[in-house]
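Chemist: Just to be clear, the model below is a prediction. Sequence and coordinates:
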Amino acid sequence: MTLSNRVRSISYLKAHAAELVRDLETTREPLVITQNGEARAVLLDVASFDALQETGALLKTWAIGEREVREGAVQTAEEALAALRQVEP
């Protein structure tokens, strides 16, 4: 996907908002909005935004796990299960 053909000015957005929203839903490609010739915002359809948020959350979880492994803050499955069994009522 090349963003160069997915760039619109803010004035174009104001004049064609409904059309652009329909296009976002159809293409599921981001749209770059410019102001005074500079990129200022990116518009996404809701499904793409949700997917992006989920991906970010998964990457953050993975990074935390990697850091914990590097720091030695891990335990074997057997150790974890033994600890869980100790707190059961």
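Modeler: Thanks, I have the structure now.

Chemist: Torsion angles phi and psi at E71?
Modeler: Backbone torsions for E71, taken as degrees, to the nearest 10, come to phi -80, psi 0.

Chemist: and the residue minimising distance to the centre of the chain, what pLDDT?
Modeler: The centre of the chain sits closest to L52, judged by CA atoms, centre = their mean, with a distance of 2.3 Å. According to the prediction, L52 has pLDDT 96.

Chemist: quick one, what contacts it?
Modeler: L52 makes contact with L44, according to CB atoms under 8 Å, 6 or more residues apart in numbering. Every residue, glycine included, has its C-beta placed from N, CA and C.

Chemist: List the buried residues for the strand or helix carrying it?
Modeler: Element membership for L52 (DSSP states H and E) is helix 46-70. Judged by neighbour count using 16 or more other CB atoms under 10 Å, the buried positions of helix 46-70 are S48.

Chemist: Next secondary structure after it?
Modeler: Next along from helix 46-70, by DSSP H and E: helix 77-87.

Chemist: The closest residue in space to E68 that isn't next to it in sequence and T27, how far apart?
Modeler: Spatial nearest neighbour of E68, excluding adjacent residues (CB to CB, 6 or more residues apart in numbering): V74 at 6.0 Å. Going from V74 to T27 by CB to CB, to the nearest Å gives 43 Å.

Chemist: ditto for R70
Modeler: Using CB to CB, R70 is found at 41 Å from T27.

Chemist: Quick check: phi and psi on Q35?
Modeler: Dihedral angles for Q35 - degrees, to the nearest 10 - are phi -140, psi 120.

Chemist: show me the contacts for it.
Modeler: S9, I10.

Chemist: Start the count at 385 instead of 1 going forward.
Modeler: Sure thing, new numbering starts at 385, so read that last one as Q419.

Chemist: Beta-bridge partners for it, please?
Modeler: Per DSSP bridges, the residues bridged to Q419 are E422.
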